[in-house]
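Novice: Provided below are the primary sequence and the corresponding predicted coordinates.
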Amino acid sequence: MEYAIEAEGLSKSYGNHQALKDLTMSVPTGSILGLLGPNGCGKTTTVRCLTTLLKPDSGRARIAGLDVVEQPKEVRRRIGLAGQYAAVDERLTGLENLRLIGTLYHLGRKTVHSRVDDLLERFDLTEAAHRQVKTYSGGMRRRLDLAASLLADPAVVFLDEPTTGLDLPNRIAMWELVREQAAKGATVLLTTQYLEEADQLADRIVVLAKGEVIAEGTPDELKASVGGERLEVTVEDASRAEAVAKALTDWGVGTATVGEGGRRVSVPVDAGMEAVASAVAALKGEGSRITDFSLRKPTLDDVFLSLTGHDAGAPDAASDPGTEES
Amino acid sequence: MSEFVSDGWALIGRHLRHIARVPQKLLSVTIMPVAFVLAFGYVLGSAMEVPGVEYREYFMAGVFTQVMVAGMTSTGVGVCEDLGNGLMDRFRSLPMSRSAVLIGRTVSDLLLSAIACVVMSVVGFAIGWRIHTGFWSALGGFALLLLLGFVAIWGGALLGLALRNAEAVSSLGFVIVMPFMFLSSAFVPLNGLPHWLREVAKWNPLSAVTDSCRELWGNETTAAGTGFPAEHPGTVALVVLVAMFLIIVPMAVRSFGKATAR
Ligand SMILES: Nc1ncnc2c1ncn2[C@@H]1O[C@H](COP(=O)(O)OP(=O)(O)OP(=O)(O)O)[C@@H](O)[C@H]1O
Ligand SMILES: [Mg+2]
């Protein structure tokens, strides 16, 4: 397989704070990677190392086969970057901003003009194109910044929290664009706080915590790692919940638990349809009134919680209980 | 090379648009020089007696020099702003020539210095200052001033890159400029200085530029005295400024790389 992004043992410290520890990952050409993790886990640091903005203390990284430290200029010809904070010139108009960036990519005057018009249209900025950016709303700036990152039709696109601050229609439009870039053969690395977004977009997900990769895989693989589907039964009368749970357990469906709120009983159904059939029989026999009966797949939220724990500051307590704390 | 030119040009264009859209940026090159000319022409001029010299003829070259050197601080502050701007990351992720960012800033600031020269000339003319020589001589004087201005601007850029803080640039810039200013023949003849200090002051580029301008414009001069710098102020000015330029520019370009890689 060909990889557009390869990182091997990347480390980076700020003073005595180690922001990245021995990060290794690779992204196949033409795929979308979601880099996921709590605040301060090193997402932006990773992006900055990969886009030649920051020199790693140790380790290597290659973009489209080119070393980021040794051939930064060649790397820059092939990448587009939208940083976490919109990098646009307040005093220039939207059009001027994009034309400036296009010129600095050395695209040639004609290409610049047609690409810029095209992107303004795509990002719904045509009307505002001749206004200074200081009059733009936060979402408009964000869109302009994203447009700038796609100007050169880059082979590898880095988007650091691209949809933060966008409303739903714009977020969906953004997803559409990311998918389109990937369909055209570009490789996309995007960081996000929204699990839903990673789930929707990413072919693979890398979960970071405290500068280390703690999990990696397709969204489905990650979900499978926290268990299969669960059956959730909601009873009308909370006092009956325990009895329902006992019935489900006794019928051999699985170990049922009563969730917070006291009315929802949840049970893993690893045995598939058979387990569901037993559950129906159990509930029929037990006789309590049921208001809701549903099968639920684990979400990335479940993954995220089980991996990082409630407190992102606690070192990997949830994923590695055997480690001795110092 | 052609990429370097087009990058530089694109970024000069960016700064010129800023100047056009933020008219306050023009204050430092209009109000300030006018105030200087009037202050020296009317207030200080009547108090300062330089024997045998019509002071209004004498001080103009000094004011020009002073304003050129003042460009240092505003460029330094501007560079600090540039560094704090998120746009810097975007520029650094582009396959552009790295020094183009500095070229854009320094060349557009040089344009501001040139505007200041025009403004001061007009006000100077209004209060009685004249150039008594030909066109090329006059132009030579202004070219020398702009060279001084450009060296000061790059010095300011270097200062901004080293300190990365606008307040620090303003105060340190002042401390650096003061001795150059006072140990020069910009406003008073060097005759009053102790002998050893006078020898130092003669090689001060500000003295050399001021005296050359007076000579080139046919204004009264006090650069009397003997010795190489007094007899050839133009040569001294050129050599010292070019040497400074060749030292400062590579230093600035290098610290630009360092300052932005954090
Ligand atoms: N310039 C810097 N100087 C010192 N520490 C820094 C610097 N940049 C980042 N850090 C630290 O490095 C760690 C990783 O930061 P980074 O910006 O990569 O996190 P992030 O995952 O992008 O977080 P967020 O989700 O909040 O954007 C944080 O603890 C942060 O405080
Ligand atoms: Mg970040």
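Specialist: Noted; the coordinates are in hand. Everything numeric here is computed off the predicted structure, so don't read it as measured data. Ligands and ions are numbered 1, 2, ... in the order given.

Novice: and the helix or strand harbouring residue A:77 with chain B, contact?
Specialist: Per DSSP states H and E, residue A:77 falls inside helix A:72-78. Yes: interface with chain B: helix A:72-78 contributes A:73, A:74, A:76, A:77 (C-beta under 8 Å from any C-beta of the partner chain). Where you see a C-beta, it was placed from the backbone N, CA and C, and this is true even at glycine.

Novice: Could you pull out the buried residues of that helix?
Specialist: Buried residues in helix A:72-78, counted by 16 or more other C-beta atoms under 10 Å in any protein chain shown: A:72, A:74, A:75, A:76, A:77, A:78.

Novice: need the helices for the stretch 1-150 of chain B, in chain order.
Specialist: According to DSSP state H, counting those that start in this stretch, the stretch 1-150 of chain B carries its helices in the segments B:2-21, B:27-38, B:45-47, B:55-84, B:87-92, B:100-126, B:135-163.

Novice: Turn the residues of helix A:72-78 next to chain B into a markdown table, including pLDDT.
Specialist: Rendered in a markdown table, the data for the residues of helix A:72-78 next to chain B read as follows (pLDDT from 0 to 100):
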| residue | pLDDT |
| --- | --- |
| A:73 | 91 |
| A:74 | 93 |
| A:76 | 94 |
| A:77 | 94 |
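
Novice: In three-state terms, label the residue of the stretch 201-326 of chain A found nearest ligand 2 for me.
Specialist: For the stretch 201-326 of chain A, the residue closest to ligand 2 is residue A:208, as judged by C-beta to the ion, at 10.6 Å. At residue A:208 the chain is in strand, as set by DSSP: H, G, I helix; E, B strand; the rest coil.

Novice: residues touching the closest residue to it other than its chain neighbours, list them.
Specialist: Spatial nearest neighbour of residue A:208, chain neighbours left out: residue A:37 (3.6 Å); criterion: C-beta to C-beta, 6 or more residues apart in numbering or on different chains. Under the criterion of C-beta atoms under 8 Å, 6 or more residues apart in numbering or on different chains, the neighbours of residue A:37 are A:43, A:191, A:207, A:208, A:209, A:308.

Novice: doesn't residue A:130 fall inside a strand?
Specialist: No: counting by three-state DSSP, residue A:130 falls outside a strand, being coil.

Novice: any idea how far residue A:90 is from it?
Specialist: For residue A:130, the distance to residue A:90 equals 15 Å [C-beta to C-beta, to the nearest Å].

Novice: which residues of the stretch 151-300 of chain A fall in helices?
Specialist: A:168-183, A:195-201, A:219-225, A:241-250, A:273-286, A:300-308.

Novice: Ranked by average pLDDT, which of those helices falls at the bottom?
Specialist: Mean pLDDT is lowest for helix A:300-308 out of the helices of the stretch 151-300 of chain A, coming in at a mean of 67.

Novice: so residue A:210 touches residue A:43, yeah?
Specialist: No: if you go by C-beta atoms under 8 Å, residue A:210 and residue A:43 don't touch, sitting 11.8 Å apart.

Novice: more neighbours, the two?
Specialist: Neighbours around residue A:210 and residue A:43, counted as other C-beta atoms under 10 Å in any protein chain shown, are more numerous at residue A:43. The numbers are 25 against 20.

Novice: Count the residues that sit near residue 177.
Specialist: As the question left the chain open, I've gone with chain A. As a burial measure, the neighbour count of residue A:177 was computed by other C-beta under 10 Å and equals 21.

Novice: hmm, I had chain B in mind actually
Specialist: Using other C-beta under 10 Å, residue B:177 has 19 other residues around it.

Novice: OK, contacts around it?
Specialist: Contact partners of residue B:177, counting by C-beta under 8 Å, 6+ apart, are B:69, B:70, B:72, B:73.

Novice: ditto for residue A:107
Specialist: For residue A:107, the contacting residues are A:115, A:151, A:152, by C-beta under 8 Å, 6+ apart.

Novice: Could you find the closest non-adjacent residue to residue A:203?
Specialist: The spatially closest residue to residue A:203, leaving aside those adjacent along the chain, is residue A:31, at 4.3 Å (C-beta to C-beta, 6+ apart).

Novice: Could you count how many residues lie near the one you found?
Specialist: 18.

Novice: right, and it touches residue A:182 too?
Specialist: Yes: at 6.7 Å, residue A:31 counts as touching residue A:182 under the criterion of C-beta under 8 Å.

Novice: Overlap in contacts, the two.
Specialist: Overlap between the contact sets of residue A:31 and residue A:182, as judged by C-beta under 8 Å, 6+ apart, is given by A:188, A:203.

Novice: For chain B, which residues are neighbours of chain A?
Specialist: Taking C-beta under 8 Å from any C-beta as the criterion, chain B approaches chain A at residues B:3, B:6-7, B:10-11, B:13-14, B:17-18, B:21-22, B:85-96, B:100, B:261-262.

Novice: what about 10 Å?
Specialist: With C-beta under 10 Å from any C-beta of the partner chain as the criterion, chain B meets chain A at residues B:2-3, B:6-7, B:9-11, B:13-15, B:17-22, B:85-98, B:100-101, B:260-262.

Novice: what subset of these is also close to ligand 2?
Specialist: Among these, no residue sits close to ligand 2 (C-beta under 5 Å from the ion).

Novice: Quick check on those residues: which are buried?
Specialist: Buried members of the residues of chain B next to chain A, counted by 16+ other C-beta under 10 Å: B:6-7, B:10-11, B:13-15, B:17-19, B:87-98, B:100-101, B:260.

Novice: Please name the nearest non-neighbouring residue to whichever residue of the stretch 1-150 of chain B sits closest to ligand 1.
Specialist: With C-beta to the nearest ligand atom as the measure, residue B:89 is the residue of the stretch 1-150 of chain B nearest to ligand 1, at 11.7 Å. Of all residues not flanking residue B:89 in the chain, residue A:83 sits nearest, at 5.3 Å (C-beta to C-beta, 6+ apart).

Novice: residue ranges with poor pLDDT in the chain?
Specialist: Reading this off chain A. Counting by pLDDT under 70, the ranges of chain A that qualify are A:226-227, A:252-253, A:260, A:271, A:299-302, A:304-306, A:308-326.

Novice: wrong one, I was asking about chain B
Specialist: B:1, B:45-52, B:222-226, B:261-262.

Novice: Report the buried residues of the helix or strand residue B:246 falls within.
Specialist: Assigned by DSSP H and E, residue B:246 belongs to helix B:233-260. Judged by neighbour count (16+ other C-beta under 10 Å), helix B:233-260 contains these buried residues: B:233-234, B:236-238, B:240-241, B:244, B:248-249, B:251-253, B:255-256, B:259-260.

Novice: Repeat that for stretch A:88-95.
Specialist: When neighbours are counted by 16+ other C-beta under 10 Å, the buried residues of stretch A:88-95 are found to be A:88, A:89, A:91, A:92, A:93, A:94, A:95.

Novice: Determine which two of those residues are furthest apart.
Specialist: With distance counted by C-beta to C-beta, no two of these lie farther apart than A:91 and A:95, which are 13.1 Å apart.

Novice: Who does the closest residue to ligand 2 within the stretch 151-300 of chain A form a beta bridge with?
Specialist: The shortest separation between the stretch 151-300 of chain A and ligand 2 is 5.8 Å, found at residue A:160 (distances taken as C-beta to the ion). When bridges are taken as DSSP bridges, the partners of residue A:160 come out as residue A:191.
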